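J.: The following comprises the amino acid sequence and a computationally predicted model.
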Amino acid sequence: MLKTIKSLMMEGIVEGGTMLDLGCGSGKDALAASENGFEVTAVDKKPIPELPLIHFIESKIEDFDIEANKYDFIYADNSLPFLLKDDVKKVLLDATQKLKGGGVVYFSLFGEHDSWVNDKQMNFWKKEEVNEFVGSLELFLYRKTEEEGYAAAMNGDTKYWHIFRFILKKQPITSNEVSKI
């Protein structure tokens, strides 16, 4: 969501650099980030209209190979729930391992109380399950929120949302670690 990108920047959580938008949809978030100083690579399985300053790659999220140490910020808002749960785990593990030192990962997952929970083409998480998985990612938890309530979906219909949002930060590489590489 555009609001999320802007709030992360206003809070100083992310400040520019290179960004990877996994599941960019229409590209609105990627465009907002590029207009605020990010060099953006956007990935989606469906083509988007050409956007200035955005490097777009047509690919399924789960098939995209993230380049190691390229991105300061990896962003996946409301895109991962549309993958198989095992693919979500694979993508997030890959993203957190390949993120630059000091970088930030932001992602959202749908919870078990979401009104779409019976959609077999989506994945939903129990609180304990998501906490255990995120705890295994070896990044520092900067912020976690859990949101529930009625709001509009992209098609304009009102639905009940249950969303977990995570901001994780990778420790910067120290000079001692650089010599080990």
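T.: Great, that's in hand.
J.: Please count neighbours and contacts with C-alpha atoms only from this point.
T.: Will do.
J.: Please enumerate the strands of this protein.
T.: For the chain, the strands defined by DSSP state E cover 17-22, 38-44, 54-58, 73-76, 104-110, 140-152, 158-169.
J.: Dump these to CSV, plus mean pLDDT and distance to Asp119.
T.: Shown next, in CSV, are these (pLDDT from 0 to 100; distance: least, C-alpha to C-alpha, whole Å):
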stretch, mean pLDDT, distance to Asp119
strand 17-22, 97, 21
strand 38-44, 96, 21
strand 54-58, 96, 25
strand 73-76, 96, 20
strand 104-110, 97, 12
strand 140-152, 93, 18
strand 158-169, 96, 14
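J.: could those strands go into a markdown table alongside mean neighbour count?
T.: As requested, the strands of the chain are exported to a markdown table (neighbours: other C-alpha atoms under 10 Å):
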| stretch | mean neighbour count |
| --- | --- |
| strand 17-22 | 23 |
| strand 38-44 | 22 |
| strand 54-58 | 17 |
| strand 73-76 | 24 |
| strand 104-110 | 23 |
| strand 140-152 | 13 |
| strand 158-169 | 19 |
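J.: any chance of the ones you listed in CSV, plus distance to Lys6?
T.: Below are the strands of the chain laid out as CSV (distance: least, C-alpha to C-alpha, whole Å):
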stretch, distance to Lys6
strand 17-22, 14
strand 38-44, 12
strand 54-58, 17
strand 73-76, 13
strand 104-110, 13
strand 140-152, 16
strand 158-169, 14
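J.: Minimum distance to Gln121: which of those strands has it?
T.: Counting by C-alpha to C-alpha, Gln121 lies closest to strand 104-110 out of these; the figure is 12.7 Å.
J.: Provide the strand pairings for that closest one, with the direction of each partner.
T.: Applying DSSP bridges to the sheet, strand 104-110 is found paired with strand 73-76 (parallel), strand 158-169 (antiparallel).
J.: Format those strands as JSON lines; extra columns: distance to Glu132.
T.: Formatted as JSON lines, the strands paired with strand 104-110 follow (distance: least, C-alpha to C-alpha, whole Å):
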{"stretch": "strand 73-76", "distance to Glu132": "19"}
{"stretch": "strand 158-169", "distance to Glu132": "13"}
